[in-house]
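Enquirer: predicted model, plus sequence, below.
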Amino acid sequence: MAVASNRPATTLLPLAALVAVAGSLFLAGPAAAAGKTGQVTVFWGRNKAEGTLREACDTGTYTIVVISFLNVSAGPGNSPPSLDLSGHPVAGIGADIKHCQSKSIMVFLSLGGRQHSLPSAEAAADLADYLWYAYFPAPAPRAGVRRPFGDAYVDGLDFFLDRGGRPPPDHLDALAARLWSYNRQFRARTPVQLSATPRCAFPPDGPALRLLATGLVTRVNVRLYGDARCAAYWQQEWDKWAAAYPGSGLYVGLPASERTVGYVHPKNLYYGVLPVVQKAPSYAGIMIWDRYADKQTNYSSYAIQWA
């Protein structure tokens, strides 16, 4: 059964009415599966009108916020990785990260866009070292490496595996292994956590497959949107991911905008999608694309109740 809804916005139930109805049903309804986790991830940084990172964390509807994107073009003569935050000023983001973390909300940084280039395992190792000193809790600074967020640090790195139809770059597995190795310096915590955000089509491209084969990616946001086939055969693809990666936490990735292929009406989310995905032992929560659209539709107000 396709989960996308083509009905215009005028046919949707008013937000308050739908929340009231769903709130009275979800405790006994099909979405109240044993697999509920209460975990909701959102991508932030794709539209300046979405508000600040602090505002996103203050909504109370997210448990992980992913800053997107850090664009990379590694290799001889290339410039250092650059933040693309759609006009958001970098100043102040460090304080916002600390604010989010004070509310027990994890903040990840997503390596994305179309400018990935990792020509060798050595380039991947160099990038991992740069990321550690620029964005993670390195115990000492490194000469020549600036920290864009000051003394604030992110909790993890996300691999956004989208190349506009092209496969992701090679050596992501080497990048992950090198970055993960910094965790050995710490006994009481894991300062570097890794997630991946692939398209739902299974199996993924070779470089992504090798990345996931490392076993270091603990969260996988399976994007059931942006692709007509994924929207139509989402259950089939989800089952493949669940069978292949039982040791990773799988998040069902959904758009907050009705204009995006694969949009799931909240009623369909509650009665159609969640009862299926929450049966998987590896189900971990819901991922929402993105904060700007969610600010318009308040989609996460449903997700946080039912995830």
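Expert: Now that the structure is in, tell me what you want to look at.
Enquirer: for the rest of this, base every contact and every neighbour count on C-alpha atoms.
Expert: OK.
Enquirer: spell out which helix or strand contains residue 209, please.
Expert: Here residue 209 sits within helix 206-213, counting by DSSP states H and E.
Enquirer: do residue 98 as well
Expert: Secondary structure assigned from DSSP H and E places residue 98 in helix 93-102.
Enquirer: if we look at that helix, which residues are touching it?
Expert: The contact list for helix 93-102 (Cα atoms under 8 Å, 6 or more residues apart in numbering) reads 52-54, 57-58, 106-107, 148-154.
Enquirer: from the residues you listed, pick the one nearest residue 80.
Expert: residue 148 (12.1 Å; Cα to Cα).
Enquirer: which SS class is that closest one?
Expert: Taken by DSSP: H, G, I helix; E, B strand; the rest coil, the conformation at residue 148 corresponds to coil.
Enquirer: measure it to residue 154 for me?
Expert: Note on residue 148: its distance to residue 154, by Cα to Cα, to the nearest Å, is 11 Å.
Enquirer: those two: which is more packed in?
Expert: Remark: of residue 148 and residue 154, residue 154 carries more neighbours, 24 against 17, as counted by other Cα atoms under 10 Å.
Enquirer: which stretches of this protein have low pLDDT?
Expert: Within the chain, the segments meeting pLDDT under 70 span 1-34, 74-78, 113-116, 163-167.
Enquirer: scan this structure for its longest helix.
Expert: Counting by DSSP state H, the longest helix found in the chain is helix 121-135.
Enquirer: buried stuff in that helix?
Expert: 121, 123-135 (16 or more other Cα atoms under 10 Å).
Enquirer: send me it as CSV with only the CA atoms.
Expert: Taking C-alpha atoms only, helix 121-135 is exported to CSV below (Å, rounded to 0.1, in the frame of the first residue of the first chain):
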residue,chain,number,x,y,z
ALA,A,121,42.2,6.0,2.3
GLU,A,122,44.8,8.6,3.3
ALA,A,123,42.5,11.4,2.3
ALA,A,124,39.8,9.8,4.5
ALA,A,125,42.1,9.6,7.4
ASP,A,126,43.2,13.2,7.0
LEU,A,127,39.5,14.3,6.9
ALA,A,128,38.8,12.2,10.1
ASP,A,129,41.6,13.9,11.9
TYR,A,130,40.4,17.3,10.8
LEU,A,131,36.8,16.6,11.9
TRP,A,132,38.1,15.4,15.3
TYR,A,133,40.0,18.6,16.0
ALA,A,134,37.4,20.9,14.5
TYR,A,135,34.1,19.5,15.8
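Enquirer: partner strands of the next helix or strand after that helix and their direction?
Expert: The element immediately downstream of helix 121-135 (helix or strand, assigned by DSSP H and E) is strand 156-161. Strand 156-161 has its sheet partners listed here by DSSP bridges as strand 106-111 (parallel), strand 193-198 (parallel).
Enquirer: out of the buried residues of helix 121-135, who's nearest residue 296?
Expert: Nearest to residue 296 among those, with distances taken as Cα to Cα, is residue 135, at 30.2 Å.
Enquirer: most neighbours out of the contacts of helix 93-102, which is it?
Expert: residue 107 (26 neighbours).
Enquirer: list the beta-bridge partners for it.
Expert: The partner residues for residue 107, given DSSP bridges, come to residue 65.
Enquirer: residues contacting it?
Expert: 64, 65, 66, 67, 97, 100, 101, 154, 155, 156.
Enquirer: now with 6 Å, please.
Expert: Neighbour list for residue 107: 64, 65, 66, 154, 155 [criterion: Cα atoms under 6 Å, 6 or more residues apart in numbering].
Enquirer: if we can go back for a sec, any idea how far the helix holding residue 98 is from the chain center?
Expert: Put simply, helix 93-102 sits 18 Å off its chain's centre (Cα atoms, centre = their mean, to the nearest Å).
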